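Peer 1: need the 3D shape of this:
(chains A and B)
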Amino acid sequence: MALVLNEEQRMLRDAARDFLTQRAPVSHLRQIRDSGNELGFSRELWDEIVEMGWTAILIPEEHGGLGYGYTGLGLLLEESGRTLTPSPLLGTALTGAAALILGGSPEQCAEVLPEVAAGQRILALACDETTLHQPERNSSQAVAAGDGYRLNGGKTAVMDGAAADTFIVSAATGQGISLFLVPAKANGVTVQPYPALDISIAAAVTFKDVELPATALLGALGEGQALLDRVLDIARIGASAELLGIAQEAFERTMNYLRERKQFGVLIGSFQALQHRAAQLHAEIEMCKSVVLKALQMLDEGAVDNAELASLAKAKLSTTAHKAACEAIQMHGGIGMTDEFDIGFFLKRCRILETLYGDRNFHLDRYARLRGY
Amino acid sequence: MNQPEDFRQAVREWLEDNCPESMRSPLPSEAEACWGGRNFEFYSEDQRLWLERMAERGWTAPTWPTEYGGGGLNREEEKILKEELARIHARQPLISFGISMLGPALLKFGSEELKQQHLPPIVRGEIRWAQGYSEPNAGSDLASLQARCEDRGDHFILNGSKVWTSYGDLGDWMFCLVRTDIEAPKHKGISFVMFDMATPGVSTRPIRLISGKSPFTETIFDDVRVEKDQVIGTLNQGWTVAKYLLTHEREMIAGSGVSSAGTMSVSKTATKTIGTDNGVLRNTPLRADIARYEIDERCLELTIERARDEVKAGVSLGAAASMFKYYGTELNMRRQELLMAIGGNDALVWEGDASKDGDTPRQWLRSKGNSIEGGTSEIQLNIVAKHILGLPG
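Peer 2: Model prediction:
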């Protein structure tokens, strides 16, 4: 597959950009924050996003979706990164939907996916228990009870925690880890939401003797670790796409500033000290574009093992977007430190996505391991 | 033949029949590469045969038009040919500045006569070209060059000198930037000329590098006769040709930053030399550096692939060549630093069998020039800042 967008994909991206810059520019994020919103995003905007089919894009047609693929959804995430649009798109339309598509039985898919496509059900992956992302470190337990399972344990850093209708929870079954679909409203589930630094609302979730039917099990018993890895790799690629949007937008805003801000009687963009850093960052962002597109295309081509490319993308994008966001503040000078100015929001959202599903150190280590060193 | 897969099949079969077995392995050393030229001595009959057969099909210059001896392939076919060559680890049949640098400029700016005269011998590897660009006082500020061609009616007389002529002592012909109008502003009085280096008055002196090797010469011109019909493009408009050619040079240099098939990866070299515990390299800070390097290396490969696909889709590469040159050379320098770190004490041996006569340190030292030659990294960053990012000058 050529490493370029086709006509249809470019149109999708342009349409998404038009919508987001009109309906959900960075001022929308500020307004959500200042209004004390308890979900971390606007339901009205979410309804519009659903209306446009973004939640259906990955879901097969037989389950009420569009079956349009990962590259398309990746472009929407990239554009959402540019506008810092708060929404559960990454967590539910990509990560959650992918977990069902890869691991769900026909019955589970038929029940859950049409509701995800229609925006009636928000999914949230709950797999972290430790301060640093270590999905294989798991103390939650699902023991056989009657026809189903009894779940005990807890998860941290669950994205969209306050809004989620269904958690996808990793738990030990005695035969390794498995994934379970757990309704947020089930007896014994306690959700403790907290605001994250980008204004999104995450949650710590605890499970106390939660009774689950046998149909809550996602995928074959004992094969959950492999499924979780595959789902996480997709989520990592999605987060990388959003980071790409953040990096590009923060960088472009900074370039605009360098072209208009004067000091010492000249445009600061004429200073070689800044020009060279800008040019270096431009090169890194170009590298990022290639990696993200390649990773999305691999997913569309149905590659089963995307571990190496996912870690490569997440390590590279976490590093580069972080750099772009920090340089954005430095090159804006004092005004970049003020809350009144928007550029600081990019660093905050970037930090969340960098950390989510494993930061650059996690992925450097994983990449080396996958490559045999 | 319009189906890519048919073409691939045909290439595969032809290579099976025509690529000698001994040409299907990485070069044991750079010294054995085939450069062609009047005085080139082939290392083996297979090497000669491989060049002859590839040149016969025009595949030493795959995308050049067939009327000048080229392969006449489109970019997709070229990509397929490259992939098939890589698949059997075929050696490059010919390394040639004529193909990578002069040819594209001749095709774009040269007269029909000049194309007919020079392109076919380049494809066949009969003439080895040298580049005369930099001068002792014209490095990064290339346009301030002083080598001067005086008009003597039916010919020019050239005086002056060039530095950093790659393999200048082995060149048959030179393409050269000279001043033909000393009154004009510096960019306006330059012409792009070619001449036979066997012409009386041309001499070369080797420049010994910190690596102990002398891949470059200084080239001196003392009343050298240059024919008037050997000007590419318009007289005094040579700067346009020079810039175009530099773009090609940068693309070529950028590509060399990525490890080619057949060379051992940095991480494999490290695990072999340093060893692992439970599959993890014993030196963890070095391991992280290697991972960062290999990630960036893969990123560059993918970006070169993306740029090629974009060119195919009609997007011009333009100033992006500067970005590739910058990134590729910086990457190669990181690679050499890592190989030195992995090599430890062995990498300090200058002469002796243990270190293949200092191969690692010599390559490391040589790589320090990567961010200087073909326009320094700083010049490339200037170009990116001005021409891609639109920052004020």
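
Peer 1: can you report how many residues lie near B:Glu249?
Peer 2: 21 (other CB atoms under 10 Å in any protein chain shown). Glycine gets a C-beta too; all of them are placed from N, C-alpha and C.

Peer 1: ok, A:Gly188 next?
Peer 2: Residue crowding around A:Gly188 was assessed by other CB under 10 Å; the count is 15.

Peer 1: need the nearest residue in space to it, chain neighbours excluded.
Peer 2: A:Val210 (4.0 Å; CB to CB, 6 or more residues apart in numbering or on different chains).

Peer 1: and for A:Asn306?
Peer 2: The spatial neighbour of A:Asn306 that comes closest, neighbours along the chain excluded (CB to CB, 6+ apart), is A:Asp233 at 4.7 Å.

Peer 1: distance of that neighbour relative to chain B?
Peer 2: When distances are taken as CB to the nearest CB, to the nearest Å, A:Asp233 and chain B turn out to be 16 Å apart.

Peer 1: just to revisit the earlier point, so the residue nearest to A:Gly188 makes contact with A:Lys185?
Peer 2: No: A:Val210 lies out of contact with A:Lys185 (CB atoms under 8 Å); the separation is 10.9 Å.

Peer 1: and those two? Which one has more around it.
Peer 2: For A:Val210 and A:Lys185, the more surrounded residue by other CB under 10 Å is A:Val210, and the numbers stand at 23 against 9.

Peer 1: report the contact partners of A:Leu212.
Peer 2: With contacts defined as CB atoms under 8 Å, 6 or more residues apart in numbering or on different chains, the neighbours of A:Leu212 are A:Ala142, A:Gly148, A:Tyr149, A:Arg150, A:Leu151, A:Phe180, A:Val182, A:Ala186.

Peer 1: for A:Phe341, what are phi and psi?
Peer 2: phi -90, psi 150 (degrees, to the nearest 10).

Peer 1: how about it, what does it touch?
Peer 2: If you count contacts by CB under 8 Å, 6+ apart, A:Phe341 has them with A:His332, A:Ile335.

Peer 1: switch the cut-off to 7 Å
Peer 2: Neighbour list for A:Phe341: A:Ile335 [criterion: CB atoms under 7 Å, 6 or more residues apart in numbering or on different chains].

Peer 1: what helices or strands is the helix or strand B:Glu113 falls within leaning on?
Peer 2: Secondary-structure element containing B:Glu113, defined by DSSP states H and E: helix B:112-123. Other elements packing on helix B:112-123 under the criterion 3 or more CB pairs under 7 Å, 6 or more residues apart in numbering or on different chains; DSSP states H and E are helix B:103-109.

Peer 1: poorly predicted segments of the chain, please.
Peer 2: Unless you meant another one, I'm taking chain A. Across chain A, no stretch falls below the confidence threshold (pLDDT under 70).

Peer 1: that was the other one, I meant chain B.
Peer 2: Applying pLDDT under 70 to chain B picks out residues B:1-2, B:251-262.

Peer 1: alongside chain A, which residues does it contribute?
Peer 2: B:267, B:270-271, B:276, B:279-281, B:287-288, B:290-292, B:294-296, B:298-300, B:302-303, B:305-306, B:309-310, B:313, B:323, B:326-327, B:378, B:381-382, B:384-385, B:388-393 (CB under 7 Å from any CB of the partner chain).

Peer 1: would you list the buried entries among the residues you listed?
Peer 2: When those are checked for burial by 16 or more other CB atoms under 10 Å in any protein chain shown, the buried set is B:267, B:270-271, B:281, B:287-288, B:290-292, B:294-296, B:298-300, B:302-303, B:306, B:309-310, B:323, B:326-327, B:378, B:381-382, B:384-385, B:388-389, B:391.

Peer 1: related to what we said a few turns ago, what residues does the helix holding B:Glu113 touch?
Peer 2: Residues from elsewhere that reach helix B:112-123 (CB under 7 Å, 6+ apart): B:55, B:58, B:60-61, B:64, B:68-70, B:96, B:98-99, B:103, B:106-107, B:127, B:229, B:232.

Peer 1: got a ChimeraX select line for the buried ones in these?
Peer 2: In ChimeraX syntax, the buried subset of the contacts of helix B:112-123 is picked out as below (16+ other CB under 10 Å):
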select /B:55,58,60,61,64,68,69,70,96,98,99,103,106,107,127,232
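
Peer 1: which of the contacts of helix B:112-123 fall in helices?
Peer 2: Using DSSP state H, the subset of the contacts of helix B:112-123 located in helices is B:Ala55, B:Gly103, B:Leu106, B:Leu107.

Peer 1: quick check: closest non-adjacent residue to the residue of the stretch 51-200 of chain B found nearest chain A.
Peer 2: Going by CB to the nearest CB, chain A is nearest to B:Glu76 of the stretch 51-200 of chain B, at 9.5 Å. Distance criterion CB to CB, 6+ apart; nearest residue to B:Glu76, sequence neighbours excluded, is B:Pro4 at 6.0 Å.

Peer 1: what about the one you found, neighbour count?
Peer 2: Residues within reach of B:Pro4, counting by other CB under 10 Å, total 13.

Peer 1: so A:Gly269 makes contact with B:Leu389?
Peer 2: No: A:Gly269 lies out of contact with B:Leu389 (CB atoms under 7 Å); the separation is 8.2 Å.

Peer 1: leaving out chain neighbours, which residue sits closest to A:Thr55?
Peer 2: Nearest residue to A:Thr55 in three dimensions, chain neighbours excluded: A:Ala93, at 4.5 Å (CB to CB, 6+ apart).

Peer 1: list the contacts for residue 129?
Peer 2: You didn't pick a chain, so chain A it is. By CB under 7 Å, 6+ apart, the residues touching A:Glu129 are A:Arg137, A:Asn138, A:Ser139, A:Ser140, A:Gly154, A:Lys155, A:Thr156.

Peer 1: looking at chain B here, not the other one
Peer 2: B:Phe97, B:Gly98, B:Leu102, B:Gly171, B:Trp173, B:Phe175.

Peer 1: gap between the fourth one and B:Leu102?
Peer 2: According to CB to CB, to the nearest Å, B:Gly171 stands 11 Å off from B:Leu102.

Peer 1: so what does the longest helix belonging to chain A touch, helix or strand wise?
Peer 2: Under DSSP H, the helix in chain A containing the largest number of residues is helix A:224-260. Identification of packing neighbours for helix A:224-260 by 3+ CB pairs under 7 Å, 6+ apart yields helix A:70-83, helix A:97-103, strand A:177-183, helix A:272-300, helix A:307-332, helix A:343-355.

Peer 1: nearest to A:Met1, of these?
Peer 2: Taking CB to CB as the criterion, A:Met1 comes closest to helix A:272-300 out of those, the separation being 5.1 Å.

Peer 1: domains in chain B, as residue ranges please.
Peer 2: For chain B, the structural domains run B:4-95, B:129-235, B:256-388, going by automatic domain parsing.

Peer 1: for chain A, that is, sorry about that
Peer 2: Taken from automatic domain parsing, chain A resolves into A:7-121, A:124-222, A:225-370.

Peer 1: looks to me like A:Asp305 is in a helix.
Peer 2: No: when classified by DSSP: H, G, I helix; E, B strand; the rest coil, A:Asp305 is found to be coil rather than part of a helix.

Peer 1: check the gap between it and B:Arg124 for me.
Peer 2: Distance from A:Asp305 to B:Arg124, counting by CB to CB: 46 Å.

Peer 1: same question for B:Asp222.
Peer 2: Noted for B:Asp222: a distance of 31 Å to B:Arg124, by CB to CB.

Peer 1: could you find the closest non-adjacent residue to residue 225?
Peer 2: Because you didn't say which chain, this covers chain A. The shortest distance from A:Gln225 to any residue other than its chain neighbours is 4.7 Å, reached at A:Ile177 (CB to CB, 6+ apart).

Peer 1: I was after chain B.
Peer 2: With CB to CB, 6+ apart, the residue lying closest to B:Arg225 is B:His155, at 5.5 Å.

Peer 1: I am finished for the moment; much appreciated.
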